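# The sequence and its predicted three-dimensional model are supplied below.
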Amino acid sequence: DAGITQSPRYKITETGRQVTLMCHQTWSHSYMFWYRQDLGHGLRLIYYSAAADITDKGEVPDGYVVSRSKTENFPLTLESATRSQTSVYFCASSHPGREQFFGPGTRLTVL
Amino acid sequence: GEDVEQSLFLSVREGDSSVINCTYTDSSSTYLYWYKQEPGAGLQLLTYIFSNMDMKQDQRLTVLLNKKDKHLSLRIADTQTGDSAIYFCAESIGGNDYKLSFGAGTTVTVRA
């Protein structure tokens, strides 16, 4: 009954390190999304996935990598973290054409 | 998310009505949404309106859509302290029902 979960909830890392944020949903939603939330910008779409093994870029994909080997998981990797990637990251999932359900978010700080 | 614009702050007295306004740009948007974010939490869908509707009412919430002006509003009647949150307007974009563009969010503060 977990719905959509994200881990970790908080992460502090250093510039240049690789970081992976996890997202897991139990609804068998085909669509999954990664957003970042920054003050004054609202939510901006990083990547999304229509199904397992199908991913596509959103508005701000540079510096991020995603994969979707299983329907329920959609990890987001920062290959070499930069300070500009300090943000709150939200994962969401949905059935096609239906509302998106959001996870609780991961607050990432890059020092 | 810059295609959707909202005012950033709204202060309202408890018991009054709140009106949050939003303008969007994609005339092919099928759905328009209002999400609520409470401190430290993710976004929760409050309500949505299909693009061929002018108005939708759901208990204390009223959504008005003016397609000609691409203007969306959310009215909260009898605003309570629990309504203090950030409210995001979002439009489905590019004729796709699954991709959303969000506004920057309106922070609503309810004062006693």
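In hand now; what should we look at?

# The residue nearest the centre of chain A: which element?
Geometric centre of chain A, nearest residue: A:W34, 3.2 Å, by Cα atoms, centre = their mean. If you go by DSSP states H and E, A:W34 is part of strand A:31-38.

# in that strand, what's buried?
By neighbour count on 16 or more other Cβ atoms under 10 Å in any protein chain shown, the buried set for strand A:31-38 is A:Y31, A:M32, A:F33, A:W34, A:Y35, A:R36, A:Q37. The C-beta positions use only the backbone N, C-alpha and C, and glycine is treated the same way.

# just stretch A:40-53 next, same as before
If you call a residue buried by 16+ other Cβ under 10 Å, then stretch A:40-53 has these buried ones: A:H41, A:G42, A:L43, A:R44, A:L45, A:I46, A:Y47, A:Y48, A:S49, A:A52.

# Now narrow those residues to whatever sits close to chain B.
Among these, the residues lying close to chain B (Cβ under 8 Å from any Cβ of the partner chain) are A:H41, A:G42, A:L43, A:R44, A:L45, A:Y48.

# Among those, which ones are in strands?
Mapping those onto strands (DSSP state E) picks out A:G42, A:L43, A:R44, A:L45, A:Y48.

# from those residues, which two are the most distant?
A:G42 and A:Y48 (16.3 Å; Cβ to Cβ).

# tell me the mean pLDDT for the strand holding A:W34?
Throughout strand A:31-38, pLDDT has a mean value of 95.

# what's stretch A:44-61 in contact with?
A:30-38, A:64, A:66-71, A:74, A:76, A:89, A:96, B:1, B:98-102 (Cβ atoms under 8 Å, 6 or more residues apart in numbering or on different chains).

# let's see 7 Å
Among residues not part of stretch A:44-61, those counted as contacts by Cβ atoms under 7 Å, 6 or more residues apart in numbering or on different chains are A:30-36, A:64, A:66, A:68-71, A:74, A:76, B:1, B:99.

# Around chain B, which positions in chain A sit nearby?
Taking Cβ under 7 Å from any Cβ of the partner chain as the criterion, chain A approaches chain B at residues A:31, A:40-44, A:48, A:90, A:94, A:96-97, A:99-100, A:102-105.

# pLDDT weak spots in the chain?
This is for chain A. A:1-2 (pLDDT under 70).

# switch to chain B, that's the one I care about
B:1-2, B:94-97.

# how about the residues of chain B near chain A?
Contact residues, chain B versus chain A (Cβ under 7 Å from any Cβ): B:1, B:41-43, B:45, B:48, B:88, B:97-100, B:102-105.

# In PyMOL, how would I select just the buried ones from those?
Only the buried entries of the residues of chain B next to chain A go into this PyMOL selection, using 16+ other Cβ under 10 Å:
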select buried, chain B and resi 1+42+43+48+88+97+98+99+100+102+103+104+105
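
# Tell me the one among the residues of chain B next to chain A nearest to A:H24.
The shortest gap between A:H24 and any of these belongs to B:G42, at 13.9 Å (Cβ to Cβ).
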